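S.K.: sharing a model prediction with you, sequence too.
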Amino acid sequence: MRHKRLISIALMVAVWALLDAPVFAQEIGNATRGWKLAVRTCAGCHWVRHAGKSGSLRAPTLSAIANTKGMSAMALNVALLTSHRSMPNIMLDAQERADVIAFILTENRLAHPFVLMPVLHRPVELADKSGH
């Protein structure tokens, strides 16, 4: 009975994510803004490149997540919309999700093995009040 409930919930989340996909596809992610947001919201648990602090040993690095076989923007969007037992429920709007996803996907070296990934330069002000 518990499995049926979990499967039903997973299917509802998947359908909801697919219905939300056209809206998400229109959002253009900015990897630099995504990096800033990842430093503020993710780096406490996940290692973020050039963040100056390390995450937890229990949480995968954002690079490891990006390099997971089959990882895509849609998969990351669903993951960010789904609560996890060991992950805090971080509420990001569609543009923030698109920005974080754009940054995470710059860490994907499997999709572009012969292309050097862009280096994101650390801004002087890590977290400005405007969010940019």
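M.R.: Perfect, I can see it now.
S.K.: do you know the pLDDT at residue 71?
M.R.: We have a pLDDT of 89 for residue 71.
S.K.: same question, the one 10 residues further on
M.R.: Confidence at residue 81, expressed as pLDDT, is 89.
S.K.: please report how far it lies from residue 104.
M.R.: 14 Å (CB to CB, to the nearest Å). (Glycine included, C-beta is placed from N, CA and C.)
S.K.: residue 75 now?
M.R.: In terms of CB to CB, residue 75 sits 10 Å off from residue 104.
S.K.: rewinding a little: compare residue 81 and residue 104 (neighbour count), which wins?
M.R.: Counted by other CB atoms under 10 Å, residue 81 and residue 104 do not tie: residue 104 has more neighbours, with 27 against 15.
S.K.: what about that one, which SS state?
M.R.: helix (DSSP: H, G, I helix; E, B strand; the rest coil).
S.K.: I'd assumed residue 34 was in contact with it.
M.R.: Yes. Using CB atoms under 8 Å, residue 104 makes contact with residue 34 at a distance of 7.2 Å.
S.K.: for the closest residue to residue 87 other than its chain neighbours, report the pLDDT, please.
M.R.: Nearest residue to residue 87, sequence neighbours excluded (CB to CB, 6 or more residues apart in numbering): residue 45, at 7.2 Å. pLDDT recorded at residue 45 is 84.
S.K.: which strand or helix spans residue 45?
M.R.: Secondary structure assignment for residue 45, by DSSP states H and E: no helix or strand.
S.K.: so who does residue 102 touch?
M.R.: Listed by CB atoms under 8 Å, 6 or more residues apart in numbering, the contact partners of residue 102 are 28-31, 34.
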